[in-house]
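**Student:** heads up, no residue letters with this:
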């Protein structure tokens, strides 16, 4: 669900409840206890002030339009009350959300909503009888709104919070909570970590206690990610984390991916990261080294800030993420290199302790979201190096797009694997096979297999010697200078 769709959803929900309340006969408005403000309070967790303001005003206008009281005294009273609600309740939530449930905002917000209506009544309702009667009803309505807030806070708090805020990350499973961030679907008791050893249950939530802890950071050539068709010959700020959703027995980064940090290490906030990027005039950031999706909330917030400040975001990931959080995160990602470790179910199960289908689904979602994607397979000696596996992988990639760059990387013994490095002959045979169906195939960790040629006329577009890049016949809009063919570049 996109942000625009969410705004429309909350506006419609609030309006519907507002209509329901306004159908109550005028003589008994004390029963209109501010229920339509609950969706708005929930929306505070997702939207900024201006978007929340839109929802409140939409609800006010639509409900009075339905009643036929638009541009009347009741509308003016409702408009002022809604204005007071948003001006006071939204800042209060932003200041105190760590300590106050959003549903309990109906205690605070309803008070100012009704005070705004009282103020308008003082100023605009002429007849004294109606004036005093209105004051009494509005005051009683405020009391009922307070009661409503208490009831909601006690009874509905957990249900509403999980449904509207945390449904992408965990759900209730009996007495336990189930993490739904990745396909491991860990069911956790209090104070228990998931299989990733990163995400933890604490009371009624699952979160990442290491959020903001950086394992390493450096300025890299973007080709190192590897990304060969995205902003070629530029530098990118790379930040890494700890932990992984998979347990690949040949992991090339196991010193950070298979360990957990000390919780006391300095944590970098998303705003601090943005300030650093802007201060150093860095135009792109990569979430990389270990699995960044475990730090979903932090990465998402940084990506949102970068989007607003025209900084490109790159995700280097194993793609082991469930569809809903994947769709949310990829809305703010410009490019991704995704590992497709094998075409075999058994390989993912026995060697990586995971599943292949979620990775394939992640790749499809990224492509549908128009994220620039490049795929990487690490060819491990005597493990996933069969040429039939290459055929199956390239068939899958070609079914999405023949223009997706495919990096075939050479393995070196690491972690729990002692098989010898991948023979160059194996890499070459894979490249030859993959090129039958894909337009852009590269040999990872092998300098002479990194050049890019035009898919139409074969002209050399970019010459690469490891990270020494020479752009030769590629135009600024990603086309071949010789034949004008577009070669799937983001420049």
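**Tutor:** Now that the structure is in, tell me what you want to look at. It should be emphasised that the depicted structure is a prediction, and the values quoted were computed from it without experimental measurement.

**Student:** Run a quick neighbour tally on residue 219.
**Tutor:** By the criterion of other Cβ atoms under 10 Å, residue 219 has 10 neighbours. Using the backbone N, CA and C atoms, a C-beta is placed for each residue, glycine as well.

**Student:** isn't there a strand covering it?
**Tutor:** Yes. Assessed by DSSP: H, G, I helix; E, B strand; the rest coil, residue 219 belongs to a strand.

**Student:** does it really touch residue 235, like I thought?
**Tutor:** Yes. Between residue 219 and residue 235 there is a contact at 5.2 Å, judged by Cβ atoms under 8 Å.

**Student:** Quickly list what's touching both of those two.
**Tutor:** Residues touching both residue 219 and residue 235 (Cβ atoms under 8 Å, 6 or more residues apart in numbering) are residue 282.

**Student:** which stretches of this structure aren't confidently modelled?
**Tutor:** 1, 18-35, 37-38, 45, 63-64, 66-74, 77, 96-168, 447 (pLDDT under 70).

**Student:** Mind splitting it into its structural domains?
**Tutor:** Annotated domains of the chain cover 3-164, 170-207, 216-450 [automatic domain parsing].

**Student:** Let's have those domains in CSV, adding distance to residue 477.
**Tutor:** Listed next are those as CSV, based on distance: least, Cβ to Cβ, whole Å:
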stretch, distance to residue 477
domain 3-164, 29
domain 170-207, 38
domain 216-450, 13
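
**Student:** so which of those gets nearest residue 485?
**Tutor:** domain 216-450 (10.1 Å; Cβ to Cβ).

**Student:** Look at residue 445 and say how many residues are nearby.
**Tutor:** Around residue 445 there are 18 other residues, counting by other Cβ under 10 Å.

**Student:** Can you name the residues that contact it?
**Tutor:** If you count contacts by Cβ under 8 Å, 6+ apart, then residue 445 has 409-410 around it.

**Student:** So what does it have for phi and psi?
**Tutor:** Backbone torsions of residue 445, given as degrees, to the nearest 10, read phi 70, psi 20.

**Student:** how far away is it from residue 210?
**Tutor:** For residue 445, the distance to residue 210 equals 30 Å [Cβ to Cβ, to the nearest Å].

**Student:** Then residue 348?
**Tutor:** In terms of Cβ to Cβ, residue 348 sits 26 Å off from residue 210.

**Student:** who does the helix or strand residue 81 falls within touch, helix- and strand-wise?
**Tutor:** Using DSSP states H and E, residue 81 sits in helix 73-96. When contacts are defined as 3 or more Cβ pairs under 8 Å, 6 or more residues apart in numbering; DSSP states H and E, helix 73-96 packs onto helix 37-43, helix 49-67, helix 105-124.

**Student:** give me that answer again for 7 Å
**Tutor:** helix 49-67, helix 105-124 (3 or more Cβ pairs under 7 Å, 6 or more residues apart in numbering; DSSP states H and E).

**Student:** Might you calculate how far the first one sits from the centre of the chain?
**Tutor:** It stands for helix 49-67. From the chain centre to the centre of helix 49-67 is a distance of 27 Å (Cα atoms, centre = their mean, to the nearest Å).

**Student:** Could you name the helices and strands sitting against it?
**Tutor:** Judged by 3+ Cβ pairs under 7 Å, 6+ apart, helix 49-67 is in contact with helix 3-22, helix 37-43, helix 73-96.

**Student:** What is the distance between the shortest one and the centre of its chain?
**Tutor:** What it means is helix 37-43. 21 Å.

**Student:** what's the answer for the longest one, then?
**Tutor:** Averaged C-alpha coordinates place helix 73-96 at 30 Å from its chain's average position (Cα atoms, centre = their mean).

**Student:** Equivalent analysis for stretch 432-450, please.
**Tutor:** Mean C-alpha position of stretch 432-450 versus that of the full chain (Cα atoms, centre = their mean) differs by 31 Å.

**Student:** buried ones in it?
**Tutor:** For stretch 432-450, burial by neighbour count (16 or more other Cβ atoms under 10 Å) applies to 433-434, 437-446, 449-450.
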